[in-house]
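**Q** show me how the following folds:
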Amino acid sequence: MGAGESRHGGHSGEEDDDEDEDWMQADKYAEWDCADHIDYNGTAMTVRHVEMPLDEAGKRRVTTNSGGGYGFSHEAIVFDVMCADGRVTKFTAEFTFKGVLKRWGHHKVISNVKGHKNINLPMTEVLNRIQTPRTYDLLSYNCKHYAVDKFKQF
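**A** Numbers count the residues shown, from 1 in each chain. Got it, this is the predicted structure:
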């Protein structure tokens, strides 16, 4: 990360002072693969609405009334970003009880890709679009609601 940049995809001073609490809270969801580089001047080429299982192994199947599937899950949106130097990296936006968590990289275990779109947007526009004035509520506006809403905006 360059000087002044946070792990959340913002610049220091723009996010909560307790950034590590957000970071650790989101890491409960699934194993994380950090991006090897970041580029706020890059261009988002694709966006995906993804779902990750919430068990500790990340792969355990749970039997449901519908005949299978995963138990509890977490949803997010993931962008493939073309950097100025030609490399491609990933950027993830997800909604937690602390708000929108923005970070470079992606969850290692994805159980379902719910949507995929080709886009061509500068990262500044992506960062604007992923914001929300909503607050997290487990029943009325959670990570799934956020991912569905934001994916539609791209």
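**Q** can you give me the helices in this structure?
**A** Applying DSSP state H to the chain gives helices spanning 19-26, 123-129, 143-152.
**Q** how about low-confidence regions in the protein?
**A** 1-30, 55-71 (pLDDT under 70).
**Q** what ranges do the strands span in it?
**A** Remark: strands assigned in the chain by DSSP state E are 32-34, 43-53, 73-82, 88-96, 99-107, 112-122.
**Q** ok, which of those comes nearest residue 146?
**A** Closest to residue 146 of the strands of the chain is strand 88-96 (Cβ to Cβ; 3.5 Å). No exception for glycine: its C-beta is placed from N, CA and C like everyone else's.
**Q** and the angle for the closest one with strand 99-107?
**A** 140 degrees (axes from the mean of the first three to the mean of the last three Cα atoms, to 10 degrees).
**Q** quick one: buried residues of strand 88-96?
**A** For strand 88-96, burial by neighbour count (16 or more other Cβ atoms under 10 Å) applies to 89-96.
**Q** closest to residue 154 out of these?
**A** The closest of those, once distances to residue 154 are taken by Cβ to Cβ, is residue 93, at 10.8 Å.
**Q** list the beta-bridge partners for the closest one.
**A** Using DSSP bridges, the beta-bridge partners of residue 93 come out as residue 77, residue 102.
**Q** residue 103 versus that one, what's the distance?
**A** Taking Cβ to Cβ, to the nearest Å as the measure, residue 93 falls 8 Å from residue 103.
**Q** what about residue 144, how many residues nearby?
**A** Residue 144 sits with 16 neighbouring residues when counted by other Cβ atoms under 10 Å.
**Q** I'd like the strands of the chain laid out as JSON lines, including distance to residue 150.
**A** Formatted as JSON lines, the strands of the chain follow (distance: least, Cβ to Cβ, whole Å):
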{"stretch": "strand 32-34", "distance to residue 150": "20"}
{"stretch": "strand 43-53", "distance to residue 150": "8"}
{"stretch": "strand 73-82", "distance to residue 150": "5"}
{"stretch": "strand 88-96", "distance to residue 150": "7"}
{"stretch": "strand 99-107", "distance to residue 150": "9"}
{"stretch": "strand 112-122", "distance to residue 150": "11"}
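**Q** thank you kindly, that will do.
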